[in-house]
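J.: here is a sequence with its predicted model. Questions after.
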Amino acid sequence: MTPSLLIEQTLNGVQFGIMLFLMSAGLTLVFGIMNFINLAHGSLYMIGAFAGAATQAATGSFALAIVAAPIAAALAGLVLESALLRRFYGRDHLDQVLVTFGTILALNEATRILFGLTPLRMDLPSALAGHVEIIPGAPYPTFRLAILAVGLLVAASLYVIIMRTRLGMWVRAGASDRQIASAMGVNVPLVFAALFATGAALAGLAGVMAAPILSVQVGMGEPILILALVVTVIGGIGSIRGAFVAALLVGVVDTFARVLLTPALGGMAIFMTMAAILAFRPKGLFPAHG
């Protein structure tokens, strides 16, 4: 492998890892704090992608699409949480899996009715459509570098919020002991709703950033949901730091495994990595508690 190809594939892996982190951050916090398995998280990613594509088609503005996508996903997340999912917080995980799986089917069908079966596309603005030469002879797409920058900014912001603010203290308290946090005066339902909406917005942001690279189509959230669950398990339930490290690890392993091996073996490499890590760290790399 030439140095230019090595750099290109490494950046591809990190960029893919950043996308996985945006998906996994909300998923791991919802699971870690609410003890709620939300399989419909991938549908919020899909909603963000469709909202972004539809906004750009209606207005011609990529910037408006980037803004509209996380807002649409957050609103959809709030509606889901308040109207349906909060009724299952106290139920066992099987009930949660069943209701969120049913939600996936319902949202896929609703999206199919609204947008049809033809995949949508998002066009990049000219400022992001070119390439940047990382080293001589190694051009890299500007938009992928923009994804890296946005993802790192989001990761740093989440870290500051979780570790340095009162809201973050509530979140960490809920992750450690929900009952004690409630007894200390934390408005748990409000924190849960805000947390769910934030996770949904991050998923929507990931969806709209993936839209120019992938086709926007019904069911696009399920494949990345599986990888997000892997990231959540490897990183440690409820841990933002764990989700970030695990997402980068999964992104790089997946990219290089698919380049050096066959795509099928590349997919297997992720799960083999997860099994190897859990053999030594059963609670993940950086568990939030316990």
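T.: In hand now; what should we look at? Numbering: from 1, shown residues only.
J.: buried residues in stretch 120-137?
T.: Across stretch 120-137, burial judged by 16 or more other CB atoms under 10 Å covers 120, 122. Just so you know, the C-beta spots here come from the backbone N, C-alpha and C atoms, and that holds for glycine as well.
J.: hey, where'd the helices end up in the stretch 151-290 of the chain?
T.: 166-176, 178-183, 188-210, 221-235, 240-260, 263-280 (DSSP state H, counting those that start in this stretch).
J.: so which of the ones you listed gets nearest Leu158?
T.: Leu158 lies closest to helix 240-260 among the helices of the stretch 151-290 of the chain, at 5.4 Å (CB to CB).
J.: how far is the closest one from where the chain is centred?
T.: Centroid displacement of helix 240-260 relative to its chain, using CA atoms, centre = their mean, to the nearest Å, is 13 Å.
J.: now what about it, what contacts it?
T.: Helix 240-260 is contacted from outside by 1, 9-10, 12-21, 24-25, 28-29, 155, 158-159, 162, 227, 230-232, 234-236, 265-270, 273, 284-288, using CB atoms under 8 Å, 6 or more residues apart in numbering.
J.: what's the average pLDDT for it?
T.: If you average the pLDDT over helix 240-260, you get 89.
J.: can you check stretch 20-30 too?
T.: 86.
J.: before we move on, what SS does Ile37 have?
T.: coil (DSSP: H, G, I helix; E, B strand; the rest coil).
J.: show the buried residues in the contacts of helix 240-260.
T.: 9, 12-21, 24-25, 28-29, 155, 158, 162, 227, 230-232, 234-236, 266-267, 269-270, 273, 284-288.
J.: which helix in the chain has the most residues?
T.: In the chain, with assignment by DSSP state H, the single longest helix is helix 3-34.
J.: compute the inter-axis angle for that one and helix 240-260.
T.: When axes from the mean of the first three to the mean of the last three CA atoms, to 10 degrees is applied, the directions of helix 3-34 and helix 240-260 differ by 140 degrees.
J.: could you give the mean pLDDT of the next helix or strand along the chain from helix 3-34?
T.: Counting by DSSP states H and E, the element after helix 3-34 in chain order, helix or strand, is helix 41-59. Mean per-residue pLDDT for helix 41-59: 94.
J.: and stretch 132-139, by the same measure?
T.: Here the average pLDDT along stretch 132-139 is 76.
J.: my read: Leu78 touches Leu195, true?
T.: No: Leu78 is beyond contact range of Leu195, at 11.0 Å (criterion: CB atoms under 8 Å).
J.: pick out whichever of these two has more residues nearby.
T.: Neighbours were counted for Leu78 and for Leu195 using other CB atoms under 10 Å; Leu195 has more, 22 against 16.
J.: for that one, give its distance to Tyr89.
T.: According to CB to CB, to the nearest Å, Leu195 stands 12 Å off from Tyr89.
J.: list residues touching both of the two?
T.: Met34.
J.: determine the set of other helices and strands touching the longest helix of the chain.
T.: With contacts taken as 3 or more CB pairs under 8 Å, 6 or more residues apart in numbering; DSSP states H and E, helix 3-34 sits against helix 41-59, strand 131-135, strand 138-141, helix 142-164, helix 166-176, helix 188-210, helix 221-235, helix 240-260.
J.: tell me which of those sits nearest to Ala106.
T.: Of these, nearest to Ala106 by CB to CB is helix 41-59, at 8.8 Å.
J.: run the chain-centre distance for that closest one.
T.: Using CA atoms, centre = their mean, the offset of helix 41-59 from its chain centre is 14 Å.
J.: got a list of contacts for the helix or strand following that helix?
T.: For helix 41-59, the following helix or strand on the C-terminal side (DSSP H and E) is helix 62-83. The contact list for helix 62-83, computed with CB under 8 Å, 6+ apart, reads 40, 44-45, 47-49, 51-53, 55-56, 59, 103, 122-125, 128, 192-193, 196-205, 207-209.
J.: try it again at 6 Å.
T.: 44, 47-48, 51-52, 55-56, 125, 193, 196-197, 200-201, 203-205, 208 (CB atoms under 6 Å, 6 or more residues apart in numbering).
J.: tell me the angle that helix makes with helix 3-34.
T.: Using the same axes, to 10 degrees: helix 62-83 against helix 3-34 is 30 degrees.
J.: buried residues, helix 62-83. List them.
T.: 62, 65-66, 68-78, 80-81.
J.: what of stretch 98-111?
T.: For stretch 98-111, by 16+ other CB under 10 Å, it's 99-100, 103-104, 107-108, 111.
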